[in-house]
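>>> A structural model of the following input is requested.
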Amino acid sequence: MKLVMVGVDEKGRSFVRSESSLSVDDPHTLWFGGVPSIRSALARLDPCAALSGIEPEAGDIRWRLAVVEAGAVASLPGMEDAFDDDGMHYTRTADFDFVVAGEVVCRLDTADIELAAGDAIVLPAARHAWIAGEVGARILCFMVRPHD
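Numbering: from 1, shown residues only. Down below sits the predicted model:
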């Protein structure tokens with residue numbers, strides 16, 4: 001199992017903060033503590049550009065299943081204009097994502113991360129895009145939006 005932690009640099013670019021490999025034969029705590037600080041990341045991003053249509057309200061959470069069809073770049077019906085042409089987007093949330101099935105590339109501003117079923121990634125208000133492999137992907141997305 002791969003666990004990737006993403007960060008946002010001083011210019012607002014998303015990058016891999018850490019990547020580790022965990023045995024699935026042993027129990028692990030994937031995250032412990034408060035919601036990752038996203039205030040500094042949001043200060044460097046245009047608040048009007050956030051993909052607000054899927055965000056929870058401030059102080060709330062949303063748990064959703066994202067479906068990315070084979071070979072596709074993730075988008076949402078009726079919200080295509082909120083994504084950059086290459087599928088890049090961000091939300092004002094800390095996202096804890098787990099690939100349930102398939103394979104997907106999580107594209108950041110500075111790297112492409114290959115993820116497969118069983119892998120997890122933490123995205124704290126980080127710009128990213130989802131690009132599915134040949135079989136598509138199903139991703140559980142647990143989104144936490146701190147109080148404003």
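
>>> Going by neighbour count, list what's buried in the least confident helix or strand in the chain by mean pLDDT.
For the chain, using mean pLDDT, DSSP states H and E, the weakest element among its helices and strands is helix 39-43, scoring a mean of 73. By 16 or more other CB atoms under 10 Å, the buried positions in helix 39-43 come out as 41, 42. The way it works is simple: take the backbone N, C-alpha and C, and place the C-beta from them, glycine included.

>>> Ok, stretch 11-20 next?
12, 14, 16.

>>> and stretch 121-132, how far apart are its ends?
End-to-end distance for stretch 121-132: 15 Å, by CA to CA, to the nearest Å.

>>> wait, stretch 67-84
19 Å.

>>> Spell out the residue ranges of the strands in the protein.
According to DSSP state E, the chain carries its strands in the segments 2-8, 14-21, 61-68, 94-107, 112-116, 120-124, 129-144.

>>> which of those strands sits most buried?
Among those, strand 120-124 has the highest mean neighbour count (mean count of other CB atoms under 10 Å), at a mean of 23.

>>> Run the angle between it and strand 94-107 for me.
110 degrees (axes from the mean of the first three to the mean of the last three CA atoms, to 10 degrees).

>>> Could you check the angle strand 120-124 makes with strand 14-21?
Calculated by the same axes, to 10 degrees, strand 120-124 forms an angle of 150 degrees with strand 14-21.

>>> could you give the mean pLDDT of strand 120-124?
Model confidence over strand 120-124, given as mean pLDDT, is 95.

>>> what's it packed up against?
Under the contact criterion of 3 or more CB pairs under 8 Å, 6 or more residues apart in numbering; DSSP states H and E, strand 120-124 touches strand 2-8, strand 94-107.

>>> List the neighbouring strands of that strand plus their orientation.
Strand 120-124 has the following sheet partners, assigned by DSSP bridges: strand 2-8 (parallel), strand 94-107 (antiparallel).

>>> Can you check which of those strands gets nearest to residue 84?
strand 94-107 (10.5 Å; CB to CB).

>>> coming back round to it: if we take the buried residues of stretch 11-20, which one ends up nearest to residue 65?
residue 14 (22.6 Å).

>>> Quick check: the closest one touching residue 4?
No. Assessed by CB atoms under 8 Å, residue 14 is found out of contact with residue 4, at 11.1 Å.
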